[in-house]
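A.B. asks: everything below, folded, please.
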Amino acid sequence: MNVDDFDFELPESLIAQTPLADRTSSRLLTLDRQSGQAGHHTFTELASMLQSGDTLVLNDTRVMPARLVGAKADTGARAELLLLKQLSGDRWETLAKPGKRLKIGAEIAFGDDGTGKPLLIATVVSEGDMGGREVEFRYTGIFQELLDRLGDMPLPPYIKERLDDRERYQTVYAKHEGSAAAPTAGLHFTQAFLEQLILKGIQVAYVTLHVGLGTFRPMSVDLIEEHKMHSEYYELSEQTAEILRATRERGGRIVAVGTTSARTLETAASRFPVGQIQACTGWTDIFIYPGYEFKLVDALLTNFHLPKSTLVMLVSALAGRSAVMNAYQEAINQEYRFFSFGDAMFIY
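C.D. replies: Got it, this is the predicted structure:
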């Protein structure tokens, strides 16, 4: 299957640059998996589409202020690191800019302690491809406190506007810090709306998947089957496993909120015999594209994704490529807002 089969033309004006003042005021495009029929709604109408006995599965990862801007220690030239994964101790996997100038041994300084000395120093210890660098940090104090002080939210490159409130790039239920990007389908929820759904008899369960390198790297192959996903850390607790087992027993639907939740659920399903739902944790590089048969996910709430991305392919695996491409064109015609701060899509 060719990557170009998942391409589409998107006017730049439809890329949402800022979040809406009210999280729940976005639009919602619905897509019926059986008929391919698209519908147009507001996000809060989701309450009428979910049924008592359904379970929403939310990714409770929390985004780190993972973008560090500093200067090369020897030349003073600007250098930037995006923290992706803590490897061990003070060693991190990062994306570096400009990667070509940051060779093994290069040092990057961040902040000033008031005496002209940096608060944080990163040394490049190994080089990867496409700007990937493993670095080791030196500092005095607590790393997380320094990161909160020096780091910025790692907004995607297509967002040019400054984000005034960091919490608008966090879900209201974000809990476990470790992500390099937000699970953006969850940005539409408020605590009040979640409580409204719970009162209706809809259960809420949580998984954790820390979004990493795969979110930031475009596909570099022509054939989908040749693409290798980057691994990301996930957790599915016993409490969530029990909720999911009960959902299946009563005939309710498992509704993944976001592609990260969907990938976590399908990873867990693949680890055990068919029909078994058990707690598990580890690293996943699952790549879901058309031809894949979903084992746990019955419905998906998601945002609109970039052309030729692995996320468009995941959505197409659930609803069919033709139906998804038609729905995306419908969204473009109706001027939906796209990507991280954009509108939502419910596939059922």
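
A.B. asks: run a quick neighbour tally on the nearest residue to Thr190 once chain neighbours are set aside.
C.D. replies: In space, and not counting its chain neighbours, Thr190 is closest to Arg23: 5.1 Å by CB to CB, 6 or more residues apart in numbering. Any C-beta I mention is one placed from the backbone N, CA and C, and that applies to glycine too. If you count neighbours by other CB atoms under 10 Å, Arg23 ends up with 19.

A.B. asks: got the phi and psi for Arg23?
C.D. replies: The phi/psi pair for Arg23 (degrees, to the nearest 10) reads phi -50, psi -40.

A.B. asks: that one: what's it in contact with?
C.D. replies: Applying CB atoms under 8 Å, 6 or more residues apart in numbering, we find Arg23 in contact with 172, 187-190, 193.

A.B. asks: inside helices: which ones of those?
C.D. replies: Among these, DSSP state H puts Phe193 in helices.

A.B. asks: ok, so of the contacts of Arg23, who is nearest Gln334?
C.D. replies: Comparing these against Gln334 with CB to CB picks out His188 as the nearest, at 17.6 Å.

A.B. asks: now the residue nearest to Thr190: how far from Phe341?
C.D. replies: Noted for Arg23: a distance of 10 Å to Phe341, by CB to CB, to the nearest Å.

A.B. asks: who touches both of those two?
C.D. replies: Taking CB under 8 Å, 6+ apart as the contact criterion, the common neighbours of Arg23 and Phe341 are Leu187.

A.B. asks: before we move on, back to that, who wins on neighbours among the contacts of Arg23?
C.D. replies: Using other CB under 10 Å as the neighbour test, the contacts of Arg23 are led by His188, with 26 neighbours.

A.B. asks: my read: that residue touches Phe43, true?
C.D. replies: Yes. With contact defined as CB atoms under 8 Å, His188 and Phe43 form a contacting pair (5.2 Å).

A.B. asks: anything in contact with each of the two?
C.D. replies: Shared contacts of His188 and Phe43 (CB under 8 Å, 6+ apart): 24, 26, 344.

A.B. asks: please enumerate the strands of the stretch 151-300 of the chain.
C.D. replies: Taking DSSP state E, counting those that start in this stretch as the criterion, the stretch 151-300 of the chain contains strands spanning 176-179, 203-209, 232-236, 254-257, 280-284, 299-303.

A.B. asks: following element in sequence after the last one, please.
C.D. replies: Pointing back at strand 299-303 there. helix 310-319 (DSSP states H and E).

A.B. asks: helices and strands around whatever helix or strand comes next after that next one, which ones?
C.D. replies: Scanning forward in sequence from helix 310-319 by DSSP H and E, the next helix or strand is helix 321-333. In terms of contacts (3 or more CB pairs under 8 Å, 6 or more residues apart in numbering; DSSP states H and E), helix 321-333 is packed against strand 27-31, strand 38-42, helix 310-319.

A.B. asks: what's the average pLDDT for the longest one?
C.D. replies: Put plainly, it is helix 310-319. For helix 310-319, mean pLDDT is 97.

A.B. asks: partner strands of the lengthiest strand in the chain, with direction?
C.D. replies: In the chain, taking DSSP state E as the definition, the longest strand is strand 78-88. When pairs are called by DSSP bridges, strand 78-88 turns out to pair with strand 67-72 (antiparallel), strand 91-97 (antiparallel).
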